[in-house]
Each structure stands twice: as structure tokens, then as C-alpha cells.
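Asks: Fold the following and give me the result.
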Amino acid sequence: MNASDMSRPPGRRRPSRARARLLGALSAPGRAPASGPPPGTARGPAGARRPYQALLAAGVAVLVAGVLCFAALRPGDAAADTVGAGGYTTTQVGPLPSGCGSISTDPRQWVTANAPSGAVPTNDWWSSILWKRTNCAYGEPLAANPLTFRAQAGGLGFSYTTTPSISGSATGPGEYHFPYREDFVAGVAQLNAPDVKVDGWSDWTVSPYLSDGARSLRATVGKGLPFAYFRTSGGNAQLTASGGAAPTVWSNSGSWIGYTINGHDYAAYAPSGATWTVSGSTISSSLAGKDYFSVAVLPTTASASDDDRKSLATTYGKSAYDHVTGTKASYRYDEAKSTVTTTYTYTTTAMEGGGTGTVAALLPHQWRYLASGTPLPQTYVSPRGALKVLTGIESFTTSMVFHGVLPEVPAVADSGGSDATTLQNYLAAEKSDPTKQVSDDTYWTGKGLGRAARLAEIADQTGNTAVRDAALSAIRSKLTDWFTASPGKTAHLFYYDRNWGTLIGYPASYGSDQELNDHHFHYGYYIAAAATLAKFDPQWASEDRYGGMVDLLIRDANNYDRTDTRFPYLRDFDIYGGHDWASGHGSFAAGNNQESSSEGMNFDNALIQWGQATGNKAVRDAGIYMYTTQAAAIQDYWFDTKDQVFPRDFPHNEVGMVWSDGAAYSTWFSADPAKIQGINLLPVTGGHLYLGYDPDYVLTDYKDMLTNSGATQPLSWTDIWYEFLALGDGDRALADFRANSGFTSEEGESKAHTFHWIRNLAALGHVDTSVTADSPLSSVFTKNGERTYVASNITSTDLTVHFSDGTTLAVPPGKTVASGANEWSGGSATGGGDDGGTPTPTITPTVTPTGTPWKPTLYPQSDGSVLPAPGTTGTATLASAGGQTHDGTPTDPVTFTAEGVTLKYNGGATALDLAVDAGTAVGNGPQVRISYDRTGDGTWDRVETYHYFATDPVPGYEHYTQRTGLESATGSLGDLDGGTVRIEVWNAIGTNPTTLGTGDKSVVTLPYN
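Replies: Residues are numbered from 1 along each chain as shown. Have a look, this model is predicted:
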């Protein structure tokens, strides 16, 4: 939101933060239009386009239905349910969810008697077939990836789209999608189902059910499943190619058939003894009198031979009769090792034989961290990049590192001087109104609470008890008000709806009531503020006071307890996809969507902080699981930091929102690049250090924002951008803040927090992900090769934190301690009491590891050395090629060598960003070769030569990246164990020298963890 938004007429909200309000998305007041209507509203397969008028009519119908629902209150319901000293109401106080304009608010009208009991899932990749929001019969396409499905009268349509649709510009809004393009429909002969119902679900599968009374089709489909499994009745199974063209059959022997439609290879498996018959565009089978079959898409390409297809179909066929009937993920946080292991398990039913294995396509955030197993060489194309395939498995496991969070960055630079005075002046200005709330609904109340929590943490660190207590008082007052549902109260309360299994806050906002949008966004702020309050007032946070209400908010957005059927399990979190979804109904042609991944992470961090403050390890560990998993997903699907996800021709390095079938450089509410990119940065808290895991990407993202804005400084959300920049270059961010501190703060921010954050990160440096700790409230920073170790102890007992490099840190009760390059101790949050005169903590000296602590990032230095972090800005000169051609052959190269490197291969590819400048010279072409000696034995196990980069005759650095493509590659990558990496750069063509930026200008990123 910009400053002008603050002058909007009373009662007019900012346009849809809900990512899903049909009417609001099309006609929201004050919203700068994005590139056309939201994906899925005016876009879709041929014959499925919906004009704006129809959408507006649908939106009006929804609003009318909401009014009718609101009018039909049930005064006989109980007034309130008590939870400790607080409670919620069970009397309807506002509009409720409904689908297709119907006044019915019972989602179980769209599920069968076979479906699980308890609350129905929402905010999922398949939610549209349950909500029937815009298609009253069949819902929208279900992007399961690699396959997308569409329910229809005759069965279930299949789409495997391998060519993206890309629109927009390089500096403005744009998007890419792999839209539903139907290859065929799997069904039962003459089936004419009037609608689809849901017959069952598990963690990442759903079972659509189609019946016309005489014939039926039950399918089971799932995220990452190349197979779809079917049960039939009343007729022959049939596969009908869309568009009338006959499928190309490349194998039809016995009970399985292989065929190609639209360039995509499929295999269908009938029971033993059955056969398949091809007639025109239809393939059919009587199934030998049985009722099951399965269909799989194969990860083949157009260049595959029939023998290749048959071989792969035979491999898949070993699992074709082991129908997946359930899926479940289980996670474990190992505090000592700071790792999160997640096991994805498949339950199968053997339709014949005794097999139990299946085939799974893993997403990048899964295969990068795969604990064991070797994927096939073939991969699937998807909106999330390459999907790697495991066959014959019952489960697979990932292992990720949790890098810790903090209540707030430590005040290592706030001990004295004029800056300390400036900070205290900023804090004093907030004492009278720490929340500065701009609206009275759940979202903006949450934003105000989050603002006050930041102020309380900073004031406590710096000894300003007056501001701290004012902020805590504001938090306590607002939370107590909202957590109390007294008779007759209709605002500032929560309502539990049994039909939908949800807790709705009123006044609601951005569809959090009628569409169940954004509950994790809104409630994450409440929970985080409660965690801050709990450290100082544990009695308030106890179960017999208001802790139970905090727990209900957690369970509503992401219920961590499978035995609690009042709420769906992990409502907003896509267990297989690795991230949240914002829309409750997901009723778009592009599927579901999420804009603000950082507000999703705010919820996860809130669970960690609340769980730690209250001693609830179940909540804490659920937060760590979602936080760690989602941090990895964000790096790939929102930021594409490894350049392996977005389509090659998509012109952006980041997106504002992710869709089931793609992503968009846009938002629902603004076309401003600072907000398109910035919506995935706020709120900035000690739980958002993941944004700094890749400091080079921070600088890339920041530069993109300025370029796309046509500016040299952020034009909006300036504080958010300076805080983000501080994670990549704290000194620059601090200098920019000092020169431009007159900006208007973003609504959830304050000058006090912005200054504190930037100033202290300038002292701390970058987040160091190479060192972990055995306490979740910890982090490590590095600047100029020196580390600062930070840990927070919010308990009432002494704590010793052990870091993975051998460093230990003694942290007294209620203190945050920094040790190493920066020494500091502060804070007083001991669970409500003061520190009782606790002495200054004893700090164990830092243990520096022997040798260079290598990271995947290699920064060439002017002296030919390589550093794992940016060094001093410098240059190296590439000699002229002398008018000769040295393409592929290093000639007078500048060489940089890293030795003794030990890193674990993550399955990815090398990335590079070399700053090169040929000045005004014409025709130069620098080239790079990167060589890997995996064990340091003198043998190059992998050699990669990239195409040369043709420079322009304009002075100034250009970026030579891996996008130029590999010219040649020999050998293979693998784990580095004391290995050597050599970088050679030379001029392949040209008659003049080329300057190579060194120190902090160029970086090679190795595909290693």
C-alpha cells in the first residue's frame, strides 16, 4: 500500500489480499490493474472462457448469498464456548462460506458417505471440486503435477502440458502457466454424471467420484503421482482422445496399451486377461469383467524410441496394480543436529499380485534433499521445474537443515552514541500508540499486533521498559478483547462453524469468512504477538487464561494434531507442495494460489516462538517442519535462486505469486514492482532470516526491483526494501537509510524497527548457513570472515547452546547473547519475572574450524584465490584473444582455485554470475571453464565449458551467467571430499582485454549443500 491508500474513503478496504475474491479481483477500488484479469478468471481451455460480465454476475450472486446467509442467523445456537478465561461464539455473526451462490453452507453435500469424518479440507490443490465456487457441477482443473485433471460428465480429463504460456514484459507484470490442455478423457462408456463428488482424501491425494446412477467412475489422483487409479461400474472403461484425433498406439500387448496423444506418452493397465481395443479416437476395455484399471503418463520426450517407451512402461507396470489408497507425511525435528526429516509414505492396495510399491515424481524441494534413493534419468516437465522419478517405492525421505530463528536481531550496535539516541527517540515516538492500526478487521488488527511485538522486543533489548510495557499492554488488551466472546458481542471475536470446521474472526477481511482465505496470514500475527507477550506474562498465556484461544487459532490455520477432527489437518499447508495456499476454494482455471509466502512463514515462525515460550514442543516442531520445508520451497518457486524452475523465456528472477499451474510477476492489489516483489518480504522479523540465506540473490532481487521501478531508490515500502537489502549488504542499507529516512513507514513497520534491524545487520553481516545450533532460537552471522553467534533463552533456567563448529554459548534466563565478532547480552524476558540480578553470561571462546569453511558460493579474488563470501571489490584483466578464436580452449586464462572443499552434492547444476566489461571494445567474448576434482587427487572428475558471452561496447559491467548454456561437459558431479574447484576465465574472441570484476562482483554457485 502506498501513502495515498491511507486516504481512501471510510469503509473501503485495500483490494483483495485474499488472492481469491472474484468480484474484488475484478473491480477493487483503488487497485492498479495487473496484466489483465487474474489467471483462471478470463483464461482457460477452448470453450471454457468466461467474460467479465459472467464473473461479475457470479460475484454478485456470491455476495447476495452471503447476505442471505447473514440474514438466516440461528438464534437457538449456544452463545459462546468458554476456553480458559476467553472463548468463541457458536452463534453466527456474519457471512459464511458457500459455493455457487447457494445459500447452503454445508460442504458435505459434495462428499460421499465414504469420505472421512470430521472437518473437510480447504485451501488445497483440489478444493474447487468441493467448493463448486464457479463451476457448480465439476469444479476447476486440478493441477497435481505432472498431470492436471478435469472432472466432467463423461469422466476425468487428463492434461500433461509441457509448453508454458508466457505473457507480460521484462519490467512489468507478467506470468507463466502450464494451462490445462486436454489430451484425453478416462471414463466409463456412456457415463453422463451431473456433477462430481469427493469420495475420499489423504495428505496429497483426492478421490473424485462421478455417477449417473447407472454407471460410475471413482478415481484416485495425487500430487506427484504419474498414475491415476480407477474403479468402475456399469460399462467398459474407455479413454477418448480429445479433439477427435486418433491416438498413436506404440504397444498393445496383453493387458496394457501404450499410446501417444499430442506428443505425450501414456500407458494404460487393465486387469490380467483383459485387452484394449482401439476404434478411432477411443481406446476401450471390458476389463475382463473386473472393475479396475490405471493410467500413467511417461516422462519421455519426442526423441524417445518405441523401445524406450516400452521399457519405461514395463518399469511402471510393476506398480500399475498397486493402487495408491492413502498418503501420509511424518516429520521429526532432531534438535541436536538441527535437521528436519520428513518421510512421505504411500499406502497401496494390490489389485492383483502382492506388490506394494508405487511411482512418485519428486519436486525440486524434495529431490534436492532426498535422503536416499536414485531417481530415473528421465524427468517430468512441470510448473515447478523438473520432477525426478522414483519407482517401486513405499516411501521416500528428505533431510533438511533448520537454520534457526530469533525473537529479534540482537542489539549489538545499540550500546551508545548518537545512533542509540536516535533509536530511543524513534521508540519514544511509538509509546502512545504501538499498534498504529489502520483498520479494525482481522488482518489489520494482526498487522498492528505484529508492529507492537517488534517494538516490545527492541525496547526490551535496549532497556526501554516504558515503551516495552506500553507495547505489551497494547498487545494484551487487543488479544484479550478478541479472545473474549461475551453474549451479544458481534465484533472483535471468533466464531466456530461446525460445518466447515473453522474459526472465523469478525470483522473479517479479504474473504477470510466467505472464502476461508488467508487464515494463516491473519492469525500468524496474533500468535506471534501472543508469543512475545507470553515471555513477559506467562500467566496470561496459560491454558486456564488465554493460551487455549491461541492454540485454537493455530489449529484452525494449520492443525498439527491429526486426532483433532474439529479442524482439517494442516489446512493451509500443501504437504507435498511444501508451501501454503491462500485461497480457501481454489476455484480458478490456474488452480490455487499464494501471494505472500513471507506472511506464511510468519505463521510458521509464530508457532516456533509460541511453542518455545510455552514449552509446547508439538507446536514448536510443527512450526519448524513447515518453516524449514517452506523456506526451501520459496527459494525455488518464488525466487528460483538456482535458476532451475522458471521457464527459460520468463523474464523475471522472482514472482509475486505462485499458482498451481504456474506463477506471476504480479499481485492482486498493485502493479508496483516494489510491491509485487515486496509482498514476499514482509513482515520483516527475526523469523525471516531465511530471506538472507543467499545474500547474492538479495542483491539481484533488489536490483531487479529498482530496474523495474525505473528508480535508484525504492519508491514504496522503502523500509521493507532497506531491511531486505541489509541481509545482502548491511552497510549499503544503513547508508541508504541515513540518506533517505524521511519515507512513510509501511503499515506494519516503524522507524524504530527499521533502524534497529538495519543498523545491527550492518554490524553482524550475512546469515551464515554453514553453522547450526542445538537450540531453535539461534543464528550465526558472518562479516569479513568473522562469525557472530547468537542465541536467545526465553526460559527461566540456564541454557547452553552448542554450535556445529564446536562453539558453545552460555545463555542466562531471559537473555539474548551474541558472541564472537560482536559481544553483547540483553533482554529480560524470563517468562514474566525479571532476571533477578543474573550476572553477565560466561561466553565460551569461539572455536574456528581448521581450513576455510567452504560454502557453495565461490567469489574469485584479484590474487587468484577464492573466498566463500564476498571479498574486497577488485578487478582482473582477461588478455586479448589477439583476433584469434579460442572457443572452448583456455588461452592465457585468469585462474581461481579453491582447495580442500568438502560439500554434499544436491543434484543441481552449476550457476555463475561473472561481472565482465569490455569497455567500448567491439567483438570481445569472455568464456569460462569450471573443473571439479572431487577428492583432491589431481584428476578432474567433471569439466564444464560454457558458451562465450558476447560483450557490448558500452562501459559498465554485464552479467555473464549460466544462461549462455553449456558448450561441453565431461564426467559427473558428486560429493566433494577435500576436493578442488578451478575457475578459468579467458577471452575466446576479440582484439581487446576484458575486465573481470572480483571480490564481491563475481560469484560461482556450486550445486552443493
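Asks: Do you have the helices of the stretch 351-500 of the chain handy? List them.
Replies: Per DSSP state H, counting those that start in this stretch, the stretch 351-500 of the chain carries helices over the ranges 364-367, 417-428, 442-461, 465-482.
Asks: Which helix or strand contains D564?
Replies: Under DSSP states H and E, no helix or strand contains D564.
Asks: re earlier: which of the helices of the stretch 351-500 of the chain sits closest to A909?
Replies: Taking Cβ to Cβ, helix 364-367 is the member of these nearest to A909, at 11.6 Å. Backbone N, C-alpha and C define where each C-beta goes, glycine included.
Asks: same question for that closest one, mean pLDDT?
Replies: The pLDDT scores in helix 364-367 average 98.
Asks: circling back: and the helices of the stretch 351-500 of the chain: which comes nearest D952?
Replies: Closest approach to D952 among those (Cβ to Cβ): helix 364-367, 33.2 Å.
Asks: residues in contact with that closest one?
Replies: Helix 364-367 is contacted from outside by 344, 375, 384-386, 388, 396, 398, 578, 629, 632-633, 635-637, 644-645, 907, using Cβ atoms under 8 Å, 6 or more residues apart in numbering.
Asks: Which helix or strand in the protein has the lowest average pLDDT?
Replies: Across the helices and strands of the chain, mean confidence by mean pLDDT, DSSP states H and E is lowest for helix 22-27: a mean of 28.
Asks: show me where pLDDT drops low in this protein?
Replies: For the chain, the stretches with pLDDT under 70 are 1-79, 101-104, 414-415, 830-852.
Asks: And for the residue nearest the centre of it, nearest residue in space, chain neighbours not counted?
Replies: When Cα atoms, centre = their mean is applied to the chain, the residue found nearest the centroid is I634 (3.7 Å). Spatial nearest neighbour of I634, excluding adjacent residues (Cβ to Cβ, 6 or more residues apart in numbering): S597 at 4.8 Å.
Asks: Could you report the distance from the one you found to K328?
Replies: Separation of S597 from K328 (Cβ to Cβ, to the nearest Å): 25 Å.
Asks: The two: which is more packed in?
Replies: Between S597 and K328, S597 has the larger neighbour count (other Cβ atoms under 10 Å), namely 25 against 16.
Asks: The more buried one: what's it in contact with?
Replies: With Cβ under 8 Å, 6+ apart, S597 has these contacts: 579-580, 630, 634, 638, 658, 680.
Asks: Please apply the same query to E599.
Replies: 520-521, 524, 682-683.
Asks: returning to what we had before: would you convert the contacts of S597 into TSV that also reports distance to T161 and secondary structure?
Replies: TSV is the format used below for the contacts of S597 (distance: Cβ to Cβ, whole Å; DSSP: H, G, I helix; E, B strand; the rest coil):
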residue	distance to T161	secondary structure
H579	21	strand
D580	24	strand
Q630	26	helix
I634	24	helix
W638	21	coil
V658	17	strand
N680	25	coil
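Asks: Just name the closest of those residues to R545, please.
Replies: D580 (29.3 Å).
Asks: is it true that the closest one touches L570?
Replies: No - D580 lies out of contact with L570 (Cβ atoms under 8 Å); the separation is 9.3 Å.
Asks: which one of the two has more residues nearby?
Replies: D580 (30 against 22).
Asks: Which strand residues bridge that one?
Replies: F573 (DSSP bridges).
Asks: quick one on the thing from earlier: which one of the helices of the stretch 351-500 of the chain lies closest to P164?
Replies: Minimum separation from P164 across these (Cβ to Cβ) falls at helix 364-367, 16.2 Å.
Asks: starting at the chain centroid, how far to stretch 997-1009?
Replies: 25 Å (Cα atoms, centre = their mean, to the nearest Å).
Asks: for stretch 353-368, same thing?
Replies: The chain centre lies 21 Å from the centre of stretch 353-368; the measure is Cα atoms, centre = their mean.
Asks: do stretch 146-163 as well
Replies: Centroid separation for stretch 146-163 versus its chain: 25 Å, with Cα atoms, centre = their mean.
Asks: List the buried residues of that stretch.
Replies: Within stretch 146-163, the residues that qualify as buried are 146-161, counting by 16 or more other Cβ atoms under 10 Å.
Asks: Quickly check these for the two that are furthest apart.
Replies: Once Cβ to Cβ is applied, the buried residues of stretch 146-163 give P146 and A153 as the farthest pair, at 25.0 Å.
Asks: Of the contacts of S597 - the most surrounded one?
Replies: Among the contacts of S597, D580 has the most neighbours (other Cβ under 10 Å), with 30 neighbours.
Asks: for K855, helix, strand, or coil?
Replies: Following DSSP: H, G, I helix; E, B strand; the rest coil, K855 is assigned to coil.
Asks: so who does it touch?
Replies: Per Cβ under 8 Å, 6+ apart, neighbours of K855: 769-770, 868-869, 903.
Asks: Let's see that with 6 Å instead.
Replies: 770, 868 (Cβ atoms under 6 Å, 6 or more residues apart in numbering).
Asks: which residues sit against stretch 685-695?
Replies: In contact with stretch 685-695 (Cβ under 6 Å, 6+ apart) are residues 405-409, 605, 631, 641, 727-728, 766-767, 769, 779.
Asks: out of these, which one sits closest to E175?
Replies: Proximity of the contacts of stretch 685-695 to E175 (Cβ to Cβ) peaks at T641, which lies at 19.5 Å.
Asks: now, among the buried residues of stretch 146-163, which is nearest to R498?
Replies: Comparing the buried residues of stretch 146-163 against R498 with Cβ to Cβ picks out A151 as the nearest, at 27.3 Å.
Asks: Please identify the buried residues of stretch 181-196?
Replies: Within stretch 181-196, the residues that count as buried by 16+ other Cβ under 10 Å are 181-189, 191, 193, 195-196.
Asks: Quick check: the farthest pair among those residues?
Replies: Spanning the widest gap among the buried residues of stretch 181-196 are R181 and A189, at 24.5 Å by Cβ to Cβ.
Asks: Show me the contacts of stretch 685-695 that map onto strands.
Replies: Using DSSP state E, 766-767, 779 are the members of the contacts of stretch 685-695 that sit in strands.
Asks: Could you rank those by neighbour count and give me the top one?
Replies: Greatest neighbour count in those, by other Cβ under 10 Å, goes to S779: 26 neighbours.
Asks: Please report how far it lies from E599.
Replies: From S779 across to E599, the span is 21 Å (Cβ to Cβ).
Asks: again with H519
Replies: Taking Cβ to Cβ, one finds H519 at 11 Å from E599.
Asks: cool, A186 as well?
Replies: Following Cβ to Cβ, the distance that separates A186 from E599 is 39 Å.
Asks: how about the helices in the stretch 701-850 of the chain?
Replies: 718-726, 730-739, 751-764.
Asks: Compare those and report which one is nearest to K431.
Replies: Among those, helix 751-764 comes nearest to K431, with 10.4 Å by Cβ to Cβ.
Asks: Show me what counts as buried in the closest one.
Replies: By neighbour count on 16+ other Cβ under 10 Å, the buried set for helix 751-764 is 751-764.
Asks: quick one: contacts of that helix?
Replies: 409, 412-413, 423, 426-427, 430, 454, 458, 719, 722-723, 726, 730-731, 733-734, 737, 781, 788, 822.
Asks: ok, now stretch 952-960?
Replies: With contacts defined as Cβ under 6 Å, 6+ apart, stretch 952-960 is touched by 913-917, 919-920, 922, 949, 997.
Asks: a markdown table for those, including distance to R468 and secondary structure?
Replies: Listed next are the contacts of stretch 952-960 as a markdown table, based on distance: Cβ to Cβ, whole Å; three-state DSSP:
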| residue | distance to R468 | secondary structure |
| --- | --- | --- |
| D913 | 43 | strand |
| L914 | 48 | strand |
| A915 | 45 | strand |
| V916 | 51 | strand |
| D917 | 51 | strand |
| G919 | 56 | coil |
| T920 | 59 | coil |
| V922 | 63 | coil |
| F949 | 54 | coil |
| G997 | 45 | strand |
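Asks: out of the buried residues of stretch 181-196, which one sits closest to A590?
Replies: Nearest to A590 among the buried residues of stretch 181-196, with distances taken as Cβ to Cβ, is R181, at 13.1 Å.
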